[in-house]
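[1] This is a predicted model, with the sequence first.
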Amino acid sequence: MGLSLADIEKPSSDVWECNLLAYQCFQANQTQWRSAGMGGVLGMDYGPCYSWCYDRDITGKERAKLIDDLRYLESGAMQGMQDARENSK
């Protein structure tokens, strides 16, 4: 007796259309971080992100907006990593 996985409602993880490109780029480049050795990460390496945009013909204002949106995702990810480090002490 009990609940099956089908009985449990999954949390929504929908990505708004206006954020989709930035999310896809972030996911594709999620392992591309500049590290500070034992100090953690400094931030994302944007070179691979620009290559990702180039491969998809994303240029000009569209690319500039995507990079700005990536900075928000980067900031949230870095805050999450910092919180995890502090909570593991």
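    Right, received. Where do you want to start?

[2] Name the residues of the helix or strand hosting Gly43 that come out as buried.
    In this structure, Gly43 sits in strand 41-44 according to DSSP states H and E. Judged by neighbour count (16 or more other CB atoms under 10 Å), strand 41-44 contains these buried residues: Met44. Placement of C-beta: from N, CA and C, glycine included.

[3] May I have the next helix or strand after that strand as PDB, with CA atoms only?
    Using DSSP H and E, the next helix or strand after strand 41-44 towards the C-terminus is helix 46-55. Extracted C-alpha coordinates of helix 46-55, given in PDB (Å, rounded to 0.1, in the frame of the first residue of the first chain):
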ATOM      1  CA  TYR A  46      31.700  32.600 -22.300                       C
ATOM      2  CA  GLY A  47      33.900  31.500 -25.300                       C
ATOM      3  CA  PRO A  48      32.000  28.200 -25.700                       C
ATOM      4  CA  CYS A  49      28.700  30.200 -25.400                       C
ATOM      5  CA  TYR A  50      29.700  32.400 -28.300                       C
ATOM      6  CA  SER A  51      30.600  29.400 -30.300                       C
ATOM      7  CA  TRP A  52      27.200  27.900 -29.500                       C
ATOM      8  CA  CYS A  53      25.500  31.100 -30.800                       C
ATOM      9  CA  TYR A  54      27.700  31.100 -33.900                       C
ATOM     10  CA  ASP A  55      26.800  27.500 -34.700                       C
END
